[in-house]
Structures are given as structure tokens and as C-alpha cells.
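S.K.: when you get a sec, could you give me coordinates for this:
(chains A, B and C)
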Amino acid sequence: MPELPEVETVRSGLAPLVVGSTVTDVEVLRASCVRLQAGGQGEFSANVLGMVLGAVARRGKFLWFPLVLKTAEGARHGGVVVPPTRALSAHLGMSGQFRVFDGEPPEPHPHCRVRLHLDAPGGGRVLDFVDQRTFGYVLTEPMQPTSDGFAGGHGSTLPTLPRTVAHIARDALDPALDDARVIAGLRRGSRCIKHVLLDQTVVSGIGNIYADEALWAARIHPRRPAQTISAAQARNVLAAVRDVMAKALARGGTSFDGLYVDVNGQSGYFSRNLAAYGRAGKPCHRCGAPLAHDRIGGRSTHWCPRCQRSVAWTLSRD
DNA sequence: AGTAGCACCTGATTGC
DNA sequence: TGCAATCAGGTGCTAC
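M.R.: Model (predicted):
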């Protein structure tokens, strides 16, 4: 399942292959993947066709390509152009991938939902959005200012965000993340801490796997109500989130070749070394106790019943 | 306002 | 063997 490290690996792999390319043709192979586009697939295609992909940007698990228009005037001055007012946004859901093919493209994979034909230097190139379980989507949407006026996402220097990304908090690896705000968010409300970590409006990029990993590292029981977490514990949780994400990114970023930008099925995903997720009944790497497993907030959750015992919560006052 | 729960979807796995 | 139920996952939406 693509979480922040996987999506960042996709973003950084994609950028050198597609930025600056013009979209010369659009094939929507499955209409439901543009379900968030108000005007349907016709509007999607019309908004993308002829536009230049200006960048590949990301906040949390959300990706977008600012759409710029290459004008004759702009071309005379060596390139850009019109500041992007619209973006092609994409979310990988739980199984989405982007793949790039140069030259004569193969038949689209059965799970290919959208194929963009690009005008790449030296010949044709296609960008496929492949998504087996169809939780992912693409759409075009307007860009709007960020709430703090700073650059809206990794890979972008613009203080703007696509509409569907505007309500998402900065992510765990964002240098502009407001730690105090996140720590306050992790300590607020009756929801259990596992659920709060998955709330993309507190801090974004965390999915089910890294939520379990971070709580294991911080030794916090996933059922612990947020409002019982001390400030020090919340700081530890945030530090653990950053740590597991950074380590995963360091691993995922090394195993991609240029033309096959993978997210899920291949080495990036399976080479994760996980201490908690998926290890129900196996010994804890710290204490050897068998890890527990249950559904928390509708999500499969794994933890060490010995190391993460702090369920006997009391309201803390620090 | 904050929280809970469901819909969305497909393929792999498990149970009868 | 065949079919049905279950599970996995993130987000958007609706209903308390």
C-alpha cells in the first residue's frame, strides 16, 4: 500500500521523465477513475490535452502535476509560460502505479485506467495510470493558495495546492511541518491514537502500515485515547513517524530504473523491514513477546502487548 | 464540531 | 470442485 515513502519514490522517479512534456492524447480506459471530475471524462480529457506537465508535486500521499500552457510568446523566451491555475491530481489509493514507456507503447495493462501520450524529446512516450483495486483516481482541478503562503508540496515551489489537497496537513517529511500543531493534534479528542495517526488533516502521509510501525517504535498502545497522550509521548510518536518514513524512503528510492516506476508489487514494497505490521504472533524484536493483532478503527492493527502496555491511561497534565 | 460508519472495488484467501 | 464469505486498503461522504 503506497504511503508517503512509496509516493515520494514515485514522484521523484516520475519527475525527470515527464516534466516539460506536452500531453498529446488522452485515453480514459475506465470512467470510474475520473469519478471526482465534476464534468466527467470529457472534461478531464479536454483539460489535460495540449497542456504541459510543469512539475510533479506531492503532499502526503497526494500527487499532482501543475498544468502549464506553452505559448508561442513563452517559447520565444525560452520556456515557461503561464502560471498554473490548474493541476492534474492523482491519488494512488491502495494499488495505484504510474508506468512510463518509451517508443512504441505496449498494449495497456488490463488494470490500466488512464493512458496519457506525451510529446517527449526524441519520440513518443506514454504515462499509464494502473490501479488494480480502483481506489485511486485522477482529476483536473483548480489550484488555490496555501493557508500559510509557503510552498504547497514537495517538488513544487508554488504557494498553491489543488483543491482536493488543500485540506490535507503538511506531511511528516515536510520541512515546513508545524511540530507544535501536530503534537497538539495527536493529543486531542477521544479517538484512539492509531486512528488519529491515520487522519490526514493532523499530519499527512501515514497509512496503516507505518502507523503500526511508529507506535511500536514509540511504545504507545494503538488503542490509547489521544487525549491521554502526554506532550513528551506525542513528541516521541512524531519522531518515530519521521524515523520510519525516512528509513523506508531511503530503501524505496534505490530500486527503480528509469522507465518502470513501480509503487506496489515490486521491490520497494516488499523490501520493507517491518517490526510490527503483519507480524501477529511473531516475537517482538525488542522483548520477544508474541505480537498482538486486532481490528482497531476498522483497520488491521499489530502491536507488542508487553512493550506497548500503556493502555492504563489517565489524563495527563503536562 | 467531532466522531463513527459506510461506500467504493477487485483479487487472493479461507470456509463450507 | 465450486461457490460464497471474508479480508485488505485510503479517502470521501453522510449521519449522528
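S.K.: in stretch A:227-235, what counts as buried?
M.R.: Using 16 or more other C-beta atoms under 10 Å as the test for burial, stretch A:227-235 gives A:Gln227, A:Thr228, A:Ile229, A:Gln233, A:Ala234, A:Arg235. Backbone N, C-alpha and C define where each C-beta goes, glycine included.
S.K.: so A:Thr301 sits right up against A:Asp294, yeah?
M.R.: Yes. With contact defined as C-beta atoms under 8 Å, A:Thr301 reaches A:Asp294; the gap is 5.8 Å.
S.K.: of the two, who's got more company?
M.R.: Ranked by neighbour count (other C-beta atoms under 10 Å), A:Thr301 and A:Asp294 place A:Thr301 first, with 23 against 12.
S.K.: is that one in a helix, a strand, or coil?
M.R.: Taking DSSP: H, G, I helix; E, B strand; the rest coil as the rule, one finds A:Thr301 in the strand state.
S.K.: residues contacting it?
M.R.: Each residue near A:Thr301 by C-beta atoms under 8 Å, 6 or more residues apart in numbering is listed here: A:Lys194, A:Asn208, A:Asp212, A:Pro222, A:His293, A:Asp294, A:Arg295.
S.K.: which of these sits closest to A:Ser32?
M.R.: The shortest gap between A:Ser32 and any of the contacts of A:Thr301 belongs to A:Asn208, at 23.4 Å (C-beta to C-beta).
S.K.: what's the distance between the closest one and DNA strand B?
M.R.: A:Asn208 sits at a distance of 12 Å from DNA strand B (criterion: C-beta to the nearest atom of the strand, to the nearest Å).
S.K.: contact residues of the stretch 101-250 of chain A facing DNA strand C?
M.R.: Proximity of the stretch 101-250 of chain A to DNA strand C (C-beta under 7 Å from any atom of the strand) is limited to residues A:Arg133, A:Phe135, A:Thr164, A:Leu198, A:Gln200, A:Ser204, A:Gly207, A:Asn208, A:Ile209.
S.K.: weed out the non-buried ones from those residues.
M.R.: Buried among those by 16+ other C-beta under 10 Å: A:Thr164, A:Leu198, A:Gln200, A:Ser204, A:Gly207, A:Asn208, A:Ile209.
S.K.: need those in TSV (columns: pLDDT).
M.R.: Formatted as TSV, these follow (pLDDT from 0 to 100):
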residue	pLDDT
A:Thr164	91
A:Leu198	93
A:Gln200	93
A:Ser204	94
A:Gly207	91
A:Asn208	92
A:Ile209	91
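S.K.: the residue in the stretch 51-200 of chain A positioned nearest to DNA strand B: neighbouring residues, count only.
M.R.: Taking C-beta to the nearest atom of the strand as the measure, the stretch 51-200 of chain A has A:Gly189 as its residue closest to DNA strand B, at 2.2 Å. For A:Gly189, the count of nearby residues is 15 (other C-beta under 10 Å).
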